[in-house]
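Trainee: just the structure for this:
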Amino acid sequence: MGRIAPSTVTLAVPDPDGQRIGSGAATLNAIHALAQYCEKVIPFENGGSCGDSAVSLMGKKHILLLHAGGDSKRVPWANPMGKVFLPLPYLAADDPDGPVPLLFDHILAIASCARQAFKNEGGIFTMTGDVLPCFDASTLILPPDASSIVTVPITLDIAANHGVIVASKTEILEESYTVNLVDNLLQKRSVEELVTNQAILDDGRALLDTGIIAVRGNAWVELVKLSCSCQPLISELLNSKKEMSLYEDLVAAWVPTKHDWLQHRPLGVELVSKLGKQTMFSYCAYSNISSGIQIGSQSIVVGINVPEDSDRMTDNSEKFMLPDCRYLWEVPLVGCTERVIVFCGIHDNPKNPLTRDGTFCGKPWEKVMNDLGIQENDLWCSTGSQEKCLWNAKLFPILSYFEMLSVGMWLMGLSDGRNQYFLPLWRNSQHVSLEELHRSIDFSKMCTWSSNHQADLAAGIAKACINYGMLGRNLSQLCEEILQKEISGVKICKDFLNLCQNSKILSKSWAYQVQVDLLRACGEETKACELEHKVWAAVADETASAVRYGFGEHILESSGSKSTSAYVNNNYDGSMDQSFCSRTAKVELPVRVDFVGGWSDTPPWSLERSGCVLNMAVCLEGSLPIGTIVETTNSSGVLINDDSGNELHIEELTLITSPFDGSDPFRLVKSALLIIDGDDSNENVARLVLVLEQLMGMGGGWQDQIGGLYPGIKFTASYPGIPLRLQVFPLVASPQLISELQQRLLVVFTGQVRLAHQVLQKVVLLYLRRDNLLVSSIKRITELSKIGREALMNCDVDKLGEILLEAWRLHQELDPYCSNEYVDKLFAFGDAYCSGYKLVGAGGGGFALLLAKDATCAKELRTMSEKNPEFDSVIYNWSVY
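Mentor: This is a model prediction of the structure:
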């Protein structure tokens, strides 16, 4: 599903020979395996071995190590798929039509943000597959040449059952970070022991060990050295059948107070010798999380797909009910036609023995067996050394689906007085334990069922989209999900195609785009390409209609049907009046530079949602750079010429018809001749230019014309509807603000020529598909416009720099090709001098804004860039118009 980039090296490293060696030894073994892999792919210099050249190579790499093994005894319902691949539906809000996010996806996102903390040093970021990290990793701080552990404050009742970090009371204060040295490591200590070991914070909480460990710089190099020589150590563990923990043993090597204790642990002497000179810090992250079936509250249901005739229970009277605080999941087993339904209480610990606080569905085992009439030997073998617990209790029957539901309710204590019916049914069936389920899961069948279920859900959503006009859903992505259903996926898409063609609810542009996506899903690429031009024609038509009610049909109809009276004097009699007097009109305008808000002004977004843009009109080198001259002559027709020497004579204006060829140098003038109506007010011209860009096939929005027609800095908002409403809010800039901007803001022509419509069309296509990332990004851009307005009103130019940077990041999310190697190099060069930068408009080239940290930085940046032979950019002197 594209979760990991193809260029990323990904290895799955099991413990040797299938024998457990502990998470610490597994860490060393995984690093060693990666070094061996690199040795094969990238030969080491001078024929070196894994122990020498690997260190120099691996020491520069950024590595994510994810511990994802184990039996999941604490969360057995997660066992079939593996803890790290648990679905997290509540994270799907930003992309409801895509695959349900997994814990794995979330971990990758956290790790990618954390990479910034390593800066230019190599290192490893270790995480565990059974923890949901919820903190802002983009602010993570990792001291150089050291190990660090991420902690969170937690209440003592939870801390007593987990690992706790004792951090030094003295903070390490440096120029760019604040962290604490780790004084001690505690594992599952009582509250009294936490107090004795000074683990209690001032607010009464303790620092929980999250299992997230980072090693950077020299500390990472030493860890690589140890890993590359670890095989004899691991062999010793295998022979002795011992384990070495990451969180107790390996980490303890970086904490001096643990060295004496560690000397007596497996491989403890080697760990202290190799790693003991390095230090460990604690980084505290304050986490904030912000039919006939009845499901109780606080219950977790995973992978259940009850057949449609769920009313048909065993006794034809009861309906299935899951009590509060229960797990319910189902798995297919190898050699078994039915899925097995499994259940237990949320607070049950499957590892707790029968004789020591063991429970099932919250009740002690003795009461469970007494209530149900079950004997110990029904659940556990009388022979064997294993302790009797929920993990190895043969509790879950293999029956028909609805019999399993009924027996499940009985086992959970919801069928009082029915033992005479359910007990024989349960005893006569084959029943299995969680441990046996773990060894017998049919993963191939489980994946197929999951794909088909996801496809069915996507098909239901897609059908509702088409029938009821749910404009916020990404049908293209839904089709990808539907096509996972191998047998009927294409047929479903073809049925939707017929529905879509007859829909009267969808807008034309969206309906055409839906048809294009469905045709592609059905494998009919040729028909999809033929239909694409109708998408853009519909956008133009809808834009024209929104500009002025009923205007769209007038603009987009064939121009040949128009009367020439719109263009020439009705009294023209074929000969020029002898008293003819030539007249000339010259129009000059400033250019606009947009701080933030672009894309929210572009149809069809601006036709359906509100938009906001913050921009400024400027003169360059003391002049207005945009202009045109119109002159009347005593010859017929229209003569058009431009600065490049191109020339065109149009004898009859009725001959101008759209659409225009993309290479036509005069399509702008031709489009203007089609839409002129005599009203030269700024508001009308701004709306007409919006239509003009659609006729030209550019797909642009309203911010360019607003930026040039209205002087100074302004915040402009658009409100969807017929007609489209634009409201311009001039920003009354203080002399102090104007002076600071002119001293710090560099307006740079990058020398990179691009056509904005190439970028625009990609983004508009994504919006027509209702791509959720695009929608959320543009929503954020509109919010940044409002924040930017406030910043300028408060003369906070530094805040404007932050906004420019975030806006530029969002533009690159919308279209990765809006930048290029030259622009990236220019911005990297200016980064040390700037508080923010971005390309103006749609990107791809053209002009850039670089906001320096202060006037001195602006002068230095200007001088350095002009001297640098790598850049042929032009930095313009500018002034607010």
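
Trainee: could you pull out the strands for the stretch 651-800 of the chain?
Mentor: Listed in chain order, the strands of the stretch 651-800 of the chain (DSSP state E, counting those that start in this stretch) span residues 713-719, 725-730, 745-749.

Trainee: okay, these in TSV with mean neighbour count, distance to residue 115 and mean pLDDT next?
Mentor: Any C-beta I mention is one placed from the backbone N, CA and C, and that applies to glycine too. TSV is the format used below for those (neighbours: other C-beta atoms under 10 Å; distance: least, C-beta to C-beta, whole Å; pLDDT from 0 to 100):
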stretch	mean neighbour count	distance to residue 115	mean pLDDT
strand 713-719	21	36	93
strand 725-730	14	40	91
strand 745-749	20	29	94
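
Trainee: out of the ones you listed, which is closest to residue 138?
Mentor: Closest approach to residue 138 among these is made by strand 745-749 (26.4 Å; C-beta to C-beta).

Trainee: so which elements touch the closest one?
Mentor: Strand 745-749 makes packing contacts with strand 847-852, helix 855-867, strand 874-876 when contacts are defined by 3 or more C-beta pairs under 8 Å, 6 or more residues apart in numbering; DSSP states H and E.

Trainee: neighbouring contacts of the longest one?
Mentor: With contacts defined as C-beta atoms under 8 Å, 6 or more residues apart in numbering, helix 855-867 is touched by 743-746, 748, 826, 829-830, 833-834, 850, 852, 871, 873, 875.

Trainee: mind checking which of those are buried?
Mentor: In the contacts of helix 855-867, burial by neighbour count holds for 744-746, 748, 826, 829-830, 833-834, 850, 852, 871, 873, 875, counting by 16 or more other C-beta atoms under 10 Å.

Trainee: which of these lies closest to residue 762?
Mentor: In terms of C-beta to C-beta, no member of the buried ones among the contacts of helix 855-867 lies closer to residue 762 than residue 826, at 22.5 Å.

Trainee: any idea which element the closest one lies in?
Mentor: Using DSSP states H and E, the secondary-structure element containing residue 826 is helix 821-830.

Trainee: which stretches of the stretch 51-200 of the chain form strands?
Mentor: In chain order, the stretch 51-200 of the chain shows strands spanning 62-67, 123-128, 147-154, 163-173, 178-187, with DSSP E, counting those that start in this stretch as the criterion.

Trainee: that older thread, quick check, nearest of the buried ones among the contacts of helix 855-867 to residue 149?
Mentor: residue 834 (34.5 Å).

Trainee: so which of the buried ones among the contacts of helix 855-867 comes closest to residue 622?
Mentor: residue 875 (14.7 Å).

Trainee: that older thread, max pairwise distance over the contacts of helix 855-867: which two?
Mentor: Among these, the pair separated by the greatest distance (C-beta to C-beta) is 743 and 871, which sit 21.4 Å apart.

Trainee: tell me how far residue 300 lies from residue 435.
Mentor: 21 Å (C-beta to C-beta, to the nearest Å).

Trainee: ok, the two, which is more surrounded?
Mentor: Taking neighbours as other C-beta atoms under 10 Å, residue 300 and residue 435 compare with residue 435 leading, 20 against 16.

Trainee: quick check: that one touching residue 392?
Mentor: Yes: in this structure, residue 435 is within contact of residue 392 by C-beta atoms under 8 Å, at 4.9 Å.

Trainee: re the thing from before, and for the helix holding residue 826, what's in contact with it?
Mentor: Under the criterion C-beta under 8 Å, 6+ apart, residues 748, 750-752, 837, 839, 845, 848, 850, 861, 864-865, 868, 870-871, 873 lie in contact with helix 821-830.

Trainee: then that helix to PDB, C-alphas only?
Mentor: Output for helix 821-830, consisting of C-alpha atoms alone and laid out as PDB, is shown next (Å, rounded to 0.1, in the frame of the first residue of the first chain):
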ATOM      1  CA  GLU A 821      16.400  21.200  -7.700                       C
ATOM      2  CA  TYR A 822      17.300  24.900  -8.300                       C
ATOM      3  CA  VAL A 823      14.700  26.300  -6.000                       C
ATOM      4  CA  ASP A 824      15.500  23.800  -3.300                       C
ATOM      5  CA  LYS A 825      19.200  24.800  -3.600                       C
ATOM      6  CA  LEU A 826      18.300  28.500  -3.400                       C
ATOM      7  CA  PHE A 827      16.100  28.000  -0.300                       C
ATOM      8  CA  ALA A 828      18.700  25.800   1.400                       C
ATOM      9  CA  PHE A 829      21.300  28.500   0.700                       C
ATOM     10  CA  GLY A 830      19.100  31.200   2.200                       C
END
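
Trainee: which elements pack onto the next helix or strand after that helix?
Mentor: For helix 821-830, the succeeding helix or strand toward the C-terminus, using DSSP H and E, is strand 834-839. For strand 834-839, the contact count by 3+ C-beta pairs under 8 Å, 6+ apart identifies helix 797-814, helix 821-830, strand 847-852 as packing neighbours.

Trainee: pick the one among the buried ones among the contacts of helix 855-867 closest to residue 495.
Mentor: Proximity of the buried ones among the contacts of helix 855-867 to residue 495 was ranked by C-beta to C-beta; the top entry is residue 826 with 51.4 Å.

Trainee: per-residue pLDDT, that closest one?
Mentor: The pLDDT attached to residue 826 in the predicted structure is 92.

Trainee: buried sites along stretch 61-72?
Mentor: Going through stretch 61-72 with 16+ other C-beta under 10 Å, the ones that come out buried are 61, 63-70, 72.

Trainee: one more: stretch 677-691?
Mentor: Using 16+ other C-beta under 10 Å as the test for burial, stretch 677-691 gives 685-691.

Trainee: make CSV from the residues you listed and add distance to residue 111 and pLDDT to it.
Mentor: Putting these into CSV (distance: C-beta to C-beta, whole Å; pLDDT from 0 to 100) gives the following:
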residue, distance to residue 111, pLDDT
685, 51, 86
686, 46, 85
687, 48, 82
688, 50, 84
689, 46, 86
690, 43, 83
691, 47, 82
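
Trainee: what is the nearest of the residues you listed to residue 107?
Mentor: Distance to residue 107 across the buried residues of stretch 677-691 (C-beta to C-beta) is lowest for residue 690, with 44.6 Å.

Trainee: in contact with the closest one, which residues?
Mentor: Applying C-beta under 8 Å, 6+ apart, we find residue 690 in contact with 543, 547, 603, 700-702, 705, 724.

Trainee: hang on, residue 686 packs against residue 727?
Mentor: No: between residue 686 and residue 727 there is no contact, the gap being 11.2 Å when judged by C-beta under 8 Å.

Trainee: now for the chain, the helix or strand with the poorest mean pLDDT.
Mentor: Of the helices and strands making up the chain, the lowest-confidence element is helix 551-556, at a mean of 44, by mean pLDDT, DSSP states H and E.

Trainee: where's the closest residue to residue 691 other than its chain neighbours, which helix or strand?
Mentor: Counting by C-beta to C-beta, 6 or more residues apart in numbering, the nearest residue to residue 691 once its immediate chain neighbours are dropped is residue 544, at 4.7 Å. Per DSSP H and E, residue 544 falls inside helix 525-547.

Trainee: what's the neighbour count on the residue nearest to residue 691?
Mentor: Burial measure for residue 544: 25 neighbouring residues, criterion other C-beta under 10 Å.

Trainee: next one, pLDDT for it please.
Mentor: Looking at residue 544, its pLDDT reads 78.

Trainee: next one: residue 642 from residue 664, what distance?
Mentor: Applying C-beta to C-beta, one obtains 12 Å for the distance of residue 642 from residue 664.

Trainee: the two - which one has more neighbours?
Mentor: When neighbours are counted by other C-beta under 10 Å, residue 664 comes out ahead of the other of residue 642 and residue 664, with 16 against 13.

Trainee: how about the contacts made by residue 837?
Mentor: Taking C-beta under 8 Å, 6+ apart as the contact definition, residue 837 lies against 804-805, 808, 827, 830-831, 848-851.

Trainee: hmm, 6 Å instead?
Mentor: Under the criterion of C-beta atoms under 6 Å, 6 or more residues apart in numbering, the contact partners of residue 837 comprise 827, 850.
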